[in-house]
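Q: Got a predicted model here, sequence first, then my questions.
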Amino acid sequence: MVRFALQNSSANKSINQSNKTLQIEMKKSLLILFFMSVGFASSQAQSINLPNECQKILNKNFRGWKLAKIQKEIVKYHRRNNFPYAPNLVKGDWNGDGKIDCAVLIEQGKLENSRGEVIGEHRFTVAFVRTQKSFKSFLFNGGDYIELMKKDSKDYNYETDKNFRYKTDAIFDGIWEKAGVSYVWKKGKFVEIVTSD
């Protein structure tokens, strides 16, 4: 009886020690996962060179947002033409005040068809206009990519059938090889012009 009690006691100690070791390893793993996720979020933000204020706005309004994935053909086109920006982040002076603004193409949330089947993720173009203290954001449905349209460059308005020049930098939001619109600053807000058809 005494021998059994001793054996049982040493078995319990061994089990308790194993449980403590397992708990410590689980805590270590959770900490590693936490720091990896923090590192990923910050590295994503750093890799897109987005101002902290803009990141905070996105994190608050688009929980779980990420940079939009860009089709290989579009990436190749940008590289071939030596664009100085990524097809999901552009910078320019949208309102003509001499300060650098930016726009980003993001994905957030699941996109479903009429039968409730997931067919992708919602894509949004978010434009940021610098204010005295921070940035003001403007939201548009996103396409496949975005581009910078420089001030004074020429374009064509398909709704008026007329050529025009951009009075400020603008954001082009395109569906690859199909259509696109330009978001142009006018009287304190963006207006949409169909510039590709």
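A: On my side now, so go ahead.

Q: For the rest of this, base every contact and every neighbour count on C-alpha atoms.
A: OK.

Q: which residues touch Phe124?
A: Neighbouring residues of Phe124 by Cα atoms under 8 Å, 6 or more residues apart in numbering: 105-108, 139-143.

Q: repeat for Val181
A: Here Val181 is in contact with 172-174, 192-196 (Cα under 8 Å, 6+ apart).

Q: for Lys133, same thing?
A: By Cα under 8 Å, 6+ apart, Lys133 has no neighbours at all.

Q: secondary structure class for it?
A: coil (DSSP: H, G, I helix; E, B strand; the rest coil).

Q: Same question for Glu73.
A: Strictly by three-state DSSP, Glu73 counts as helix.

Q: cool, and Asp97?
A: Going by three-state DSSP: Asp97 is coil.

Q: Quick one: neighbours of it, just the number.
A: 12 (other Cα atoms under 10 Å).

Q: that older thread, closest to Val118 among the contacts of Val181?
A: Using Cα to Cα, Gly174 comes nearest to Val118 of these, at 22.6 Å.

Q: pLDDT score assigned to that closest one?
A: Note for Gly174: predicted pLDDT of 96.

Q: list the buried ones in the helix or strand encompassing it?
A: Using DSSP states H and E, Gly174 sits in strand 170-175. Neighbour counts over strand 170-175 (16 or more other Cα atoms under 10 Å) mark 170-174 as buried.

Q: Dump the residues you listed into JSON lines; add distance to Glu147 as well.
A: Converted to JSON lines, those look like this (distance: Cα to Cα, whole Å):
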{"residue": "Ala170", "distance to Glu147": "9"}
{"residue": "Ile171", "distance to Glu147": "6"}
{"residue": "Phe172", "distance to Glu147": "5"}
{"residue": "Asp173", "distance to Glu147": "7"}
{"residue": "Gly174", "distance to Glu147": "8"}
